[in-house]
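1. let me see the structure of the following:
(2 chains)
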Amino acid sequence: MGMFKSAEEFETVIVGFFNLIGETPVIADKLLKSKMIIRFIYTDPDLVVVVDCSGDKAETRAHDTETKAIVEMSMSADVAHRFWFGMVNLTKALTRKEMVAKGPIPKVLKLLPAIKPSYAMYPQYLEANGYGQYNITKSYTPPAG
Amino acid sequence: MSEYAGGGYAKGGYAGQILYVDLTSGQIEKKPLDMDFARKHIGGMGFGTRIYLDLIKNNPQFDPLSAENPFIVMTGPLTGLKMNGVARWTVCAKSPLTGYWGDSNVGGFFGAYLKFAGYDGIVITGKAAAPSYLFINNDTVEIRSAAPYWGMDVYTVTDRLKADLKPETQKAGQVLAIGPAGENGIRFASLINNKGHAAGRTGLGAVWGSKNLKAIFVSGTGKINVACPEKLDALRAELKEVYEESIGISAIHAAGTATHMDVGIISGDIPIKNWQQTEWDDIDDIGPAEIEEKIFAGHKTCYGCSVACKKNAEVKDGPFKMEKGPGPEYETIATFGTMCLNSSIESIAKANEICNRCGMDTITCGSTIAFAIECFENGLISEKDTEGIALTWGNAEAIVQMVEKIAKQEGFGAILGLGSQKAAEKIGGNAADFLTTVKGLEAPMHDPRSAHGYGLAYAISPRGACHEASLTFEAEGGMIYIPEIPELSADLPEGSDERAQLNVVAQDYGMFFSNCAIFCNLGGMPLNATQAINMVNFVTGFDYSLDEILSIGRRIWYLKRGMTNLFGARAQDDRLPKRLMTVLDEGPTQGSQPDMDKMLSEFYALRDFDVRGLPTRQVLESVGLPELAALLHG
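-> Numbering: from 1, shown residues only, chains lettered A, B, ... in the order given. All right, here's what the predicted structure looks like:
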């Protein structure tokens, strides 16, 4: 049994966060430059999400199984959740197949520096949107004001 | 070698003889490889370390730059096969940089060609009366005058020797050479094959310089036999799929080791500003994307390996213009880049080229310059000392100028050419606070505050701070997964718990894997233990089990540790420098500090060390090293 109670709840959390990233210029500008289309295939609970950076703005689409993705990343919802806290050793996760990737992975690795600011955003996003129960960071400090 | 006499022939893998060259007398001898010895030591560092001990055991106290320091090149049973990740070979001697055990593990082509010529390794003793090089063409082995080549840089001597000797050989040859750095006794001088494959760490190029040995040229027409070719073919087929599925292999094929710039920054693994930070806004300027755009000039590889993790570089114009040649790898990008807050990838490529041409280790060179910058910024040295060079953070021109000064041994460059630890003694004040050395060797570019097991690995590595002295870095960092060995497949808790046991097993297996067999830690990363052992068995015809290779690995590890103890290292030398133990206030490693007392105490108990840091007589005898026990304990 994973951390999220239902696919619906996980979808709300993760799609909301991807939308936030897409609206954050310091990250979104670099993602759009890459023209990357990634399909995330999550398990426990099951969910498919496409993040499409091929256009003028980053789009996130749940349940999109039609769009031709450049890269597909499969992982459990819990691994994905921990990843956005910056708590997953990516090398280890890929080696041990906790994350399975298909496609030109070096292109994804090159995006890692771009998404680094999102690790700090994730706990703040959870707290600000009523998902505080999923905030697993011990040192979280609510933003001033 | 008499105690191993008995002859015997290899079923496969081995060339079957070892070359002994005494530069003082000029005597050259070819001795058959004893198969009992081969079985007990596998190859590479297993052969080299054991032979070295036998050569020096009657007089272990000597200057590393004297004729008394033997130098050994050894291949492994897999070297020269056309398979991924097995092109490697090893060198060893007493280190001129640290005064302790020195060794280095190299890729490229030299090892393969040495086996094609019919030799598993070369044992070099004594000192030539005048500059010399060793010519090997199958059975013909000669010590020749290097007078026309002395003073040449590595690239030039490599090209010249290949061209000059081509008429004498049936097949093209390979050159292993030193540059001016080795000739001039720079303490971190390297040996370089094919311009970019360096035996970099611990300064063994200076040992060649002290022996008046400029180069070894080797050409051979032989081939390597395989004991069980059908089984090996089946394994090749199995591994084809394994390699195609490996994300790590895919990443280093595309971007080389520089891919770690993107991955390591997330966990705080990359040292920045001489280990004072783990975050830096300009890091993308020297990452894989910028490398591809600004300096990438094609892929390179080692013999028989399709992983091709090495990259060429070229800077077409500007102050750091350089012709197409071997490009900087991750460690070099970090030492001359993040460590110095230098965001010019072109200048890093240029510094790398100077180091390659002159024959210098880029890790020690870049780390020593970062150390010097901190001395400069803190007023311990000034432009008066550096002859007008403003050695400030991020000053790309100054960094490259200082590399050139070190290579030429000019002014302050001569002080930095001693390495950072000895330079700190010359500079004085609180310069030692800025050091990143263990046993005199500058730490590689992986921060123990991001993975505590690295800290223990650096502290107890026989050659000084090193991330490749065992497989701890690969296991804790997640590059390898060895399901047959619980410690190398466990999910470790955060912090310093269970790291002592991890280090012990990573040493034992690592001695087999990347020291003796000899697999490449990069090109061999997808292999599990069964596949690695099977490969050795199918090639040699031996029938090693996991227990046996771990037992051999353990013995070789104690041998290397004992050698460093023999050269004077004690428990107080098994410590991390203050700089690596300083807790950072921000970044991914915020608040993290390896618990060295706990890890060392557990490690000493597991390895049966006494309070002086020596393996006890009992443990040395139990692993089959009674001579070493007698040397250390009387």
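
2. tell me where the model's unsure across chain A.
-> For chain A, applying pLDDT under 70 flags the ranges A:138-145.

3. can you pull out the helices in it?
-> A:7-22, A:25-34, A:77-83, A:90-95, A:105-109, A:112-128 (DSSP state H).

4. which of the helices or strands spans B:E346?
-> Element membership of B:E346 [criterion: DSSP states H and E] is helix B:345-358.

5. the inter-axis angle of the helix or strand that that helix is followed by versus helix B:345-358?
-> Remark: after helix B:345-358, the chain's next helix or strand is helix B:362-377, criterion DSSP H and E. Here the directions of helix B:362-377 and helix B:345-358 differ by 120 degrees (axes from the mean of the first three to the mean of the last three C-alpha atoms, to 10 degrees).

6. just the buried positions in helix B:362-377, please.
-> Within helix B:362-377, the residues that qualify as buried are B:362-376, counting by 16 or more other C-beta atoms under 10 Å in any protein chain shown. Placement of C-beta: from N, CA and C, glycine included.

7. one more: stretch B:317-326?
-> B:F320, B:M322, B:G325, B:P326.

8. so how many other residues sit close to the residue lying closest to B:E621 once chain neighbours are set aside?
-> Leaving out its chain neighbours, the residue that sits closest to B:E621 by C-beta to C-beta, 6 or more residues apart in numbering or on different chains is B:A629, at 5.2 Å. By the criterion of other C-beta atoms under 10 Å in any protein chain shown, B:A629 has 21 neighbours.

9. B:L23 too?
-> 21.

10. before we move on, what SS does the spatially most central residue of chain B have?
-> Nearest residue to the geometric centre of chain B (C-alpha atoms, centre = their mean): B:S104, 3.5 Å. Going by DSSP: H, G, I helix; E, B strand; the rest coil, the secondary structure assigned to B:S104 is strand.

11. thought it was touching B:R88?
-> No: using C-beta atoms under 8 Å, B:S104 makes no contact with B:R88, being 10.5 Å away.

12. skipping its backbone neighbours, what lies nearest whichever residue of chain A sits closest to chain B in space?
-> At 2.5 Å from chain B, A:K92 is the closest residue in chain A, using C-beta to the nearest C-beta. Nearest residue to A:K92, sequence neighbours excluded (C-beta to C-beta, 6+ apart): B:G478, at 2.5 Å.

13. was I right about A:G132 contacting A:L126?
-> Yes: using C-beta under 8 Å, A:G132 is in contact with A:L126, at 6.1 Å.

14. counting neighbours, go ahead and name the busier of those two.
-> Ranked by neighbour count (other C-beta under 10 Å), A:G132 and A:L126 place A:L126 first, with 23 against 12.

15. what residues are up against the more buried one?
-> The contact partners of A:L126, by C-beta atoms under 8 Å, 6 or more residues apart in numbering or on different chains, come to A:V13, A:G132, A:Y134, A:N135.

16. next, count neighbours for the spatially closest residue to the first one that is not a sequence neighbour.
-> For A:V13, the nearest residue in space outside its immediate sequence neighbours is A:Y131; the separation is 5.5 Å by C-beta to C-beta, 6+ apart. In terms of burial, A:Y131 registers 17 neighbours under the definition other C-beta under 10 Å.

17. same question for A:A120.
-> By other C-beta under 10 Å, 12 other residues sit near A:A120.

18. so what's the gap between the helix or strand where B:I51 lies and the chain middle?
-> Assigned by DSSP H and E, B:I51 falls within helix B:44-56. Distance of helix B:44-56 from its chain centroid, counting by C-alpha atoms, centre = their mean, to the nearest Å, is 17 Å.

19. give me the buried positions along that helix.
-> The neighbour-count check on helix B:44-56 (16+ other C-beta under 10 Å) flags B:44-56 as buried.

20. scan the contacts of A:L126 and report the most crowded one.
-> Top of these by neighbour count (other C-beta under 10 Å): A:V13, with 21 neighbours.

21. contacting residues around that one?
-> Contacts of A:V13 by C-beta under 8 Å, 6+ apart are A:F4, A:L126, A:Y131, A:Y134.

22. B:D36: which of those residues is nearest?
-> A:F4 (60.4 Å; C-beta to C-beta).

23. hang on, the earlier thing: tell me the phi and psi of the residue nearest to A:K92?
-> phi 100, psi 10 (degrees, to the nearest 10).

24. can you give me the neighbour number for A:K68?
-> 7.

25. same question, B:K316
-> Using other C-beta under 10 Å, B:K316 has 12 neighbouring residues.

26. go on, A:P104?
-> Using other C-beta under 10 Å: A:P104 sits among 14 other residues.

27. what of B:P483?
-> Other residues lying near B:P483 total 11 when counted by other C-beta under 10 Å.
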